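Asks: structure for the following, please:
(chains A, B and C)
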Amino acid sequence: MPLSLYPQKTYSRNYTKIYFSTNIILLIYIGVQAYLKELNEVQREAVENIEGPVLVIAGAGSGKTRVLTFRIAHMLHLGKHPASILALTFTNKAAREMKNRIAKIIGEKAAQYLWMGTFHSIFAKILRFESKAIGYPASFTIYDSQDSKNLIKTIVKEIQLDPNIYKPSDVLSRISYAKNNLVTAKSYANNAQITETDRQSRKPEISRIYQMYENRCKTSGALDFDDILMKTNYLFEKFPEILRKYQDKFKYLLVDEYQDTNFSQYQIIRRLASLHHNVCVVGDDAQSIYSFRGARIENILNFKKDYPENKVFKLEQNYRSTQNIVNAANSVIDKNKNQIKKNVFSEKEVGNKIKIVEAFTDYEEGYLIAGRINEIRFNQQVTYNGFAILYRTNAQSRILEEAMRKKNIPYHIFGGISFYQRKEIKDLLSYFRLVMNPNDDESFKRIVNYPKRGIGDASIDKLSSFAIQNDTSIWQAALMLNESNMGLGAAVQTKILAFIALIQSFNVSAMNLDAYEVARQIAISSGILKELYVDKSPEGVSRHENLQELLNGIKDFTIREKTDDEIVTLNQFVENVALLTNEDKTGEDESERVTLMTIHSAKGLEFKHVFIAGLEEELFPSKFSVTSLSDIEEERRLFYVAITRAEVSLCLSFARTRYRWGTLSDCQPSRFIKDISPDFLEFESQSISGSPFSSFKSETLNINGVQEKIQFNGLEKKKFKSFSKKTETQQVKPLEIINSKFSKIDKIRSTPNSIANNNSLGGIKTGTLVFHERFGNGKVIEIEGEFPETKATIEFEGSGKKQLLLKFAKLTLIS
DNA sequence: TGCGTGCTTCTTTTT
DNA sequence: GAAGCACGCA
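Replies: Residues are numbered from 1 along each chain as shown, chains lettered A, B, ... in the order given. Model (predicted):
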């Protein structure tokens, strides 16, 4: 598939038609003028100064996106070629939205030639185009972080290092750190400071792992996330003529969220801009929240030094939030030392004070938020779309979700586990990847025996060690099966060759059919679809549905991308899929619902009513961040980001007890609450009535002969004992709801590990426990006995009975 | 080689 | 609460 980097031909045809037609120009002109009037003076200057380096410091809610989109529209209005503009954003979503907004002003056809996207997607595209120079196939695979970790794990095992010391995530973050700072594997080994750090953390072999990791990626024809940026730098550094080509092409550069660029990204921009200096960066140092990913706040702080002829525009008026919210946010961010001075203000109404809500438990927190949402919605007649619940960690979402469900509040989780990270999706994608790039070892290992083909781990190990010895990919090793003795039995060899033939046949299809047809064929012929179709458990059904959804997505993709003369190939789809996130799925419905998300993913968004949950020490600020000053400042910026999402009301909550990892722990209110000037605060100490969790007690119970102190807070606690094999005591876990007579159970949340692991306990209804999911539907247990100690017998089809002892603490219910 | 079972470990944030 | 892993049995 030829990549049309310079779509001059088609471009000039369309462009002339739509852009140089007098009518259209007039239309654009009027559009521009009307829009200009909507801008304040600073905004307008930021829009109109399109030549030379420009730094736009855009305070929260100051109309940053408006400036960016209109700046681009303005350039087009002045006759700049859309394909000469490169706009880099941090998320695909931001890019898409901006493109849509620009399309509305200047028309779709011209907008489509803009180069607008994330650093990763734009430069992956360029690297594919220039793949020869970097010595990779154009169809290189992009390893996501899971692939990277798997590869590291394999390497660590291979060179017999202690996997407890060389944890894949730790090693990856070191490698990532190096790559983001453009330190290659070779220079890593020679860098005294880095190797010293590794020595001190007792991980001196990281340098070696890095080198092997690189080699292995190379033979697999794979680049990881950081490679995309690093190889781009390599490309621009080693091939001046190629750099020159792109400097000539991209006459105007725009970078959104500049405060979150890392060194590698910074260098790319510097290189591209060094010829014409038309670079406009937009950002807010107060909203720099990605240093853990290598972001350097200095990039924005040093912009003036980097480009001495710069112009700086500060957007300080906040059009989003009430004065109370803006002032509270300012009072927080003022505590940070390291920042560019600015004066963000609002001229909107003063507004309500910020509510601080204290809850006994995380469960109650969810209930209080849910209750308040309904209250505000009822009183102010607003839709659920105006609400967002923000939290520091994804793990918090589950409890909040439960509360939403209980109160019948429609919600959706933004981010979280990506659709594309689901097992079944990754499985099918691995087939696609392998078809496009058979050397992709990670994909090979993933699917060679899925669905089961009788090729076990031992065989794969033999194959892959042969590959390693010969410095080649597993696929190549498999092709050599006939000539080389790898110690594999004849039966297994036949199976492997059959797998190879299967993939090759897919490859043939991929060259002739369109993406959807191939994808469908692969899903069917590989046996994946069938495997899940047969599985009638709710889990299996949902996986099957997900696969269908992916196929539908590919279908949409083929329709969307289709041009007159060429079919849309699977390759085109696969190229980008590693860079997609959950929010990039097509077909998002616009139904009315509350949004739940992490603060990180909330950046750039706004909501009428915002709740920030879990304002507790160790959670927010995270306990991982309280050690150094710079870390705590970043947490504070995160808090600032969260506050400034709110337009009219803001509610902060914290729980006194939080259930985490099977243990209850006491929590302290976050220090950040104290950072807000009390002038803007309003405390709400009492729980709202009707919450089932309004009491708080602690009691010592004799459980299995052991005295245990159990805290409970209107939540029920129970002890499990499994009689099936070995007797064991499980940790106390809360039930959710229990009726006040204690004779019946409404629902059990948690179960002994072996069962809980399968997520099998869906609900208990009036003394009858109904199992579903992996244990099959309709498995019923009768529960005999009374609280607080109850025996339950579970019948499993074909595998006998299992007895559980459930122990419950007393429940105190205020109703 | 496959599968069930129970134990261990893990959690900040994400392109 | 969930994933990964080791172990033991078929």
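Asks: tell me the spacing between A:E97 and A:T65.
Replies: In this structure, A:E97 and A:T65 are 8 Å apart, going by C-beta to C-beta, to the nearest Å. For the C-beta atoms, the positions are set from N, CA and C on the backbone; glycine is no exception.
Asks: who's in contact with the nearest residue to A:F639 once chain neighbours are set aside?
Replies: Spatially, and ignoring its direct neighbours in sequence, A:F639 is nearest to A:F672 (4.9 Å; C-beta to C-beta, 6 or more residues apart in numbering). A:F672 makes contact with A:V332, A:L615, A:F620, A:P621, A:E635, A:R636, A:F639 under the criterion C-beta atoms under 8 Å, 6 or more residues apart in numbering.
Asks: ok, the nearest residue to the first one once chain neighbours are set aside - contacts?
Replies: Closest residue to A:V332 in three dimensions, ignoring its sequence neighbours and counting by C-beta to C-beta, 6+ apart: A:D675, at 4.7 Å. Remark: with contacts taken as C-beta under 8 Å, 6+ apart, A:D675 is in contact with A:S331, A:V332, A:K335, A:R636, A:F639.
Asks: cool, and A:I425?
Replies: Contacts of A:I425 (C-beta under 8 Å, 6+ apart): A:F419, A:N546, A:L547, A:L550.
Asks: which among these are in contact with DNA strand C?
Replies: With C-beta under 7 Å from any atom of the strand as the criterion, those include none near DNA strand C.
Asks: what helix or strand is A:H74 on?
Replies: Assigned by DSSP states H and E, A:H74 belongs to helix A:64-77.
Asks: need the next SSE after that helix, C-terminal direction.
Replies: Following helix A:64-77 in sequence order, the next helix or strand is strand A:85-89 (DSSP H and E).
Asks: near DNA strand C, which residues of the stretch 51-200 of chain A show up?
Replies: With C-beta under 7 Å from any atom of the strand as the criterion, the stretch 51-200 of chain A comes near DNA strand C at residues A:K153.
Asks: 10 Å - rerun?
Replies: Residues of the stretch 51-200 of chain A lying close to DNA strand C by C-beta under 10 Å from any atom of the strand are A:Q146, A:K149, A:N150, A:K153, A:T154, A:K157, A:P163, A:P168.
Asks: turn these into TSV, including distance to A:T184, neighbour count and secondary structure.
Replies: Below are these laid out as TSV (distance: C-beta to C-beta, whole Å; neighbours: other C-beta atoms under 10 Å; DSSP: H, G, I helix; E, B strand; the rest coil):
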residue	distance to A:T184	neighbour count	secondary structure
A:Q146	24	13	helix
A:K149	21	17	helix
A:N150	22	16	helix
A:K153	22	17	helix
A:T154	21	19	helix
A:K157	24	11	helix
A:P163	25	12	coil
A:P168	21	20	helix
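Asks: A:F654 in helix, strand or coil?
Replies: Recorded secondary structure, A:F654: strand (DSSP: H, G, I helix; E, B strand; the rest coil).
Asks: what is the end-to-end distance of stretch A:254-271?
Replies: Terminal residues of stretch A:254-271 lie 14 Å apart, using C-alpha to C-alpha, to the nearest Å.
Asks: what's the span of stretch A:87-97, first residue to last?
Replies: Stretch A:87-97 has an end-to-end distance of 12 Å (C-alpha to C-alpha).
Asks: oh sorry, the question was meant for stretch A:469-486
Replies: With C-alpha to C-alpha as the measure, stretch A:469-486 spans 11 Å from end to end.
Asks: in that stretch, what counts as buried?
Replies: Neighbour counts over stretch A:469-486 (16 or more other C-beta atoms under 10 Å) mark A:T472, A:S473, A:I474, A:W475, A:A477, A:A478, A:L479, A:L481, A:M486 as buried.
Asks: hang on, the earlier thing: touching the helix holding A:H74 from outside, list them.
Replies: With contact meaning C-beta under 8 Å, 6+ apart, helix A:64-77 is reached by A:19, A:28-29, A:31-32, A:35-36, A:38-39, A:43, A:46-48, A:50, A:56, A:58, A:82, A:85, A:87, A:97-98, A:101-102, A:105-106, A:110, A:114, A:252, A:254, A:256, A:280, A:282, A:284, A:315, A:604.
Asks: in strands only, show me the residues you listed.
Replies: Judged by DSSP state E, these include A:V56, A:A58, A:I85, A:A87, A:Y252, A:L254, A:C280, A:V282, A:L315 as members of strands.
Asks: these two touch, right, the fourth one and A:R96?
Replies: I take that to be A:A87. No: using C-beta atoms under 8 Å, A:A87 is not in contact with A:R96, being 11.8 Å away.
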